[in-house]
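A.B. asks: below are the sequence and a predicted model; questions follow.
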Amino acid sequence: MSVQLNENYVNGFISDAEVKNIQPMITTAHNLLRTKTGPGNDFLGWVTLPFDYDKAEFEAIKESAEKIKKNCDVFIVIGIGGSYLGARAAIEFVKSPVYNNMKKDTPDIYFSGCNISAEALSELLAICEGKDVCINVISKSGTTTEPAVAFRVFRALLEKKYGVEGARERIFVTTDKARGTLKKFSDEKGYQTFVVPDDVGGRFSVLTAVGLLPIAVAGIDIDALMKGAQDAANAYTDDDISKNDCYKYAALRNILYRKGKTTEILVGYEPSNQLFNEWWKQLYGESEGKDQRGIYPSSVIFSTDLHSLGQYIQDGMRNIFETVLNVEKTGFELEIPYDEANVDGLNFLAGMDLNKVNKTAMQGTLLAHVDGGVPNIVINVEDKSAHSLGYLIYFFELACAISGYVLGVNPFDQPGVEAYKKNMFALLGKPGYEAEKAELEKRIK
C-alpha cells in the first residue's frame, strides 16, 4: 500500500472509547457519500473519476502534451485556486521544486493568473522574451478576474509573436464542456479545448484535464498517477475505521477538533512537499471552513520551519495538532563527508546518509512535540512516484469529504469566496455595481 497511517503519536490524546463513539458518524458520512444523498451531491464526480474518466480525452491530453513539449521552451499555465495548485503540487512533488532550473527534455512551466500582481506578470513576460511559448488557460467560466487578465496579456503576446493563426496552435483551453464565455470564445477561435467536468469542483479537479495537461507536459506518467488513485479508491471502501486508514484520519482529526484542537498543521520534511501542502490547505480550508466552524489548515516544512515556528508549536497555545507527511524513499542519497578539522563537531555523522539524519530529526521532533502536548498523526507515503501521488491525492480528497460530513457542513461549496469579488468589482466600477460602489467608498473614507 502506497499510503499508511501511523497513530502511535496520537494515541495518548484519544481514547478507544472516543474512536468507538465516532464510528456511527463516520458510517453515516460514508453512506451519504456513497449513496450521493448528502449536501453537495452534485459535485461527487471525483469519487469514481479514477475509473470513469473520459478515455478519449485522456489520450488527447497526452497527444497535446507531446505537441507542447516539441513546440515550446516555456509553458504558461493560467489559473487560480484548484485550477493551478494541483498541477503545480504534482510537478514539484514528483519532479522538483526547482524543476525549471533542472536539465530536462520538457519545457519550463510557470503559473500565472493566480494573483493580481503587475510585478509577477511583468517578470513572466520578461522570461518569455526570445523563447517559444505555449499557454494553457484554465477557467470554468472565463470571467474570473485573475486568470482572465493573464489570458488577455499572454494571448496578445502570442498573437503578436506568431500571428493569429500561429497563436491558435499554441493556446490550449480547459473550460466548461458546453457553456460559458470562455468555451464560446475558444470555439470561435478554434483553440484546442479540454473539459472541466460539471460534477467536479475546482479543489477536487487535479485528476481531470485541469491538472493532467500541465502534469503530462512536465513528463510525469499520468497513467501511473491515475492507477494510484484507482488503487486508493479500491482500498478505502469499508466504513469500519479499524480497516480504513483514510476514514481513520477523518475520524481522528474530528475527535481532536472537538477537544479544542482547532488548527491542523501539515508537516513535510522535504522542500518538494511545500506546494502539495498548499493544495491540501485549499482542499480542507475551502471544504470545511463554513458556518463559523472547521479546522484551520496550516503547514510547515521541517526542519526549516523548526527554526521559525518550532518554538510556537512546542510551547504556544495548545489548540494545534500536526499531520506529518513522511515520504519514506526520496530517490536520493547523499553521504556526509569526513572533515579532518571537525570545526563543527559533526564527524560523528561522517559516512551517514543525509536521509537518515532527516528521519532522525523527524523522530526527535515527533517525540518533542508530543511531550509538549501536540498530538501527531503520521501518514507514511512510499515514495515520490506518480503512482504514490495519485494514491495520496485520493486519500486526502476522500478523507476531506468524510470529515466535512462528520463536521456537519457541505464540503463541496464555497459561498464565502464570492464576498471579496463583489466588493472588488464594485470598487473597480463594474457595470451594475453602482450602488454597492457608493456604499463601499463611504466605508473606506
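C.D. replies: Received it, and whenever you're ready, just let me know what you need.
A.B. asks: let me see the contact set for Leu427.
C.D. replies: Lys437, Leu440, Glu441 (Cβ atoms under 8 Å, 6 or more residues apart in numbering). C-beta coordinates here come from the backbone N, C-alpha and C atoms, glycine included.
A.B. asks: in PyMOL, select just the buried ones from these.
C.D. replies: Buried members of the contacts of Leu427, identified by 16 or more other Cβ atoms under 10 Å, are gathered into one PyMOL selection as follows:
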select buried, resi 437+440
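A.B. asks: from the contacts of Leu427, which is closest to Tyr257?
C.D. replies: Leu440 (35.1 Å; Cβ to Cβ).
A.B. asks: SS state for that closest one?
C.D. replies: Put simply, Leu440 is helix when judged by DSSP: H, G, I helix; E, B strand; the rest coil.
A.B. asks: and the pLDDT for it?
C.D. replies: At Leu440 the predicted local distance difference test score is 83.
A.B. asks: that one and Ala426 touch, don't they?
C.D. replies: Yes - taking Cβ atoms under 8 Å as the definition, Leu440 is a contact partner of Ala426 at 5.5 Å.
A.B. asks: sorry, back to before: and of the contacts of Leu427, the nearest to Tyr236?
C.D. replies: The shortest distance between Tyr236 and any of those, using Cβ to Cβ, involves Leu440 and amounts to 46.2 Å.
A.B. asks: ok, the closest one - contacts?
C.D. replies: Leu440 neighbours (Cβ under 8 Å, 6+ apart): Asn423, Ala426, Leu427.
A.B. asks: okay, and the first one sits in which element?
C.D. replies: Which is Asn423. Using DSSP states H and E, Asn423 sits in helix 418-428.
A.B. asks: ok, Asp383 - contacts?
C.D. replies: Applying Cβ under 8 Å, 6+ apart, we find Asp383 in contact with Ser2, Val327, Glu328, Lys329, Thr330, Gly331.
A.B. asks: how about the strands of this protein, start to end?
C.D. replies: Counting by DSSP state E, the segments of the chain that form strands are 3-6, 74-78, 108-112, 133-138, 171-175, 192-195, 263-268, 296-301, 320-329, 376-383.
A.B. asks: ok, the spatially most central residue of the chain - contacts?
C.D. replies: The geometric centre of the chain, computed from its C-alpha atoms, lies nearest to Trp279 (Cα atoms, centre = their mean), at 2.0 Å. By Cβ under 8 Å, 6+ apart, the contact list for Trp279 reads Leu85, Gly86, Arg88, Ala89, Val206.
A.B. asks: tell me if I'm right that the third one and Leu275 touch.
C.D. replies: Right, Arg88. Yes - counting by Cβ under 8 Å, Arg88 does reach Leu275; the two are 5.0 Å apart.
A.B. asks: settle it for me: which of these two has more neighbours?
C.D. replies: When neighbours are counted by other Cβ atoms under 10 Å, Arg88 comes out ahead of the other of Arg88 and Leu275, with 26 against 22.
A.B. asks: return the distance of the more buried one relative to Asp239.
C.D. replies: As judged by Cβ to Cβ, to the nearest Å, Arg88 and Asp239 stand 33 Å apart.
A.B. asks: so which of the contacts of Trp279 is the closest to Asn8?
C.D. replies: Set against Asn8, the nearest of the contacts of Trp279 by Cβ to Cβ is Ala89 (27.4 Å).
A.B. asks: distance of the closest one from Ser272?
C.D. replies: In this structure, Ala89 lies at 9 Å from Ser272, with Cβ to Cβ as the measure.
A.B. asks: neighbour count for the two, which is higher?
C.D. replies: For the pair Ala89 and Ser272, the greater number of neighbours falls to Ala89 (25 against 21), based on other Cβ under 10 Å.
A.B. asks: residues in contact with Gly429?
C.D. replies: Shown here is Gly429, whose contacts under the criterion Cβ under 8 Å, 6+ apart are Lys437.
A.B. asks: mind checking pLDDT for it?
C.D. replies: Per-residue confidence at Gly429 stands at 82 (pLDDT).
A.B. asks: try His307
C.D. replies: Predicted confidence (pLDDT) for His307: 96.
A.B. asks: what about the residue nearest to Asp231 when sequence neighbours are not counted, how many residues close to it?
C.D. replies: Taking Cβ to Cβ, 6 or more residues apart in numbering, and ignoring the residues beside it in sequence, Asp231 has Tyr391 as its nearest neighbour in space, at 5.8 Å. Here the count is done by other Cβ under 10 Å, and Tyr391 has 25 residues near it.
A.B. asks: so how far is Val327 from Tyr391?
C.D. replies: 12 Å.
A.B. asks: which residues do these two both contact?
C.D. replies: Here Tyr391 and Val327 share the contacting residues Val381, scored by Cβ under 8 Å, 6+ apart.
A.B. asks: need the contacts of Trp279 in CSV (columns: distance to Leu124 and pLDDT).
C.D. replies: CSV is the format used below for those (distance: Cβ to Cβ, whole Å; pLDDT from 0 to 100):
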residue, distance to Leu124, pLDDT
Leu85, 18, 96
Gly86, 20, 96
Arg88, 14, 97
Ala89, 19, 98
Val206, 22, 97
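A.B. asks: now, the residues you listed that are in helices?
C.D. replies: Among the contacts of Trp279, DSSP state H puts Leu85, Gly86, Arg88, Ala89 in helices.
A.B. asks: the last one contacts Gln282, correct?
C.D. replies: No - using Cβ under 8 Å, Ala89 is not in contact with Gln282, being 9.8 Å away.
A.B. asks: so what's Arg293 bridging to?
C.D. replies: For Arg293, the residues forming beta bridges with it (DSSP bridges) are Lys290.
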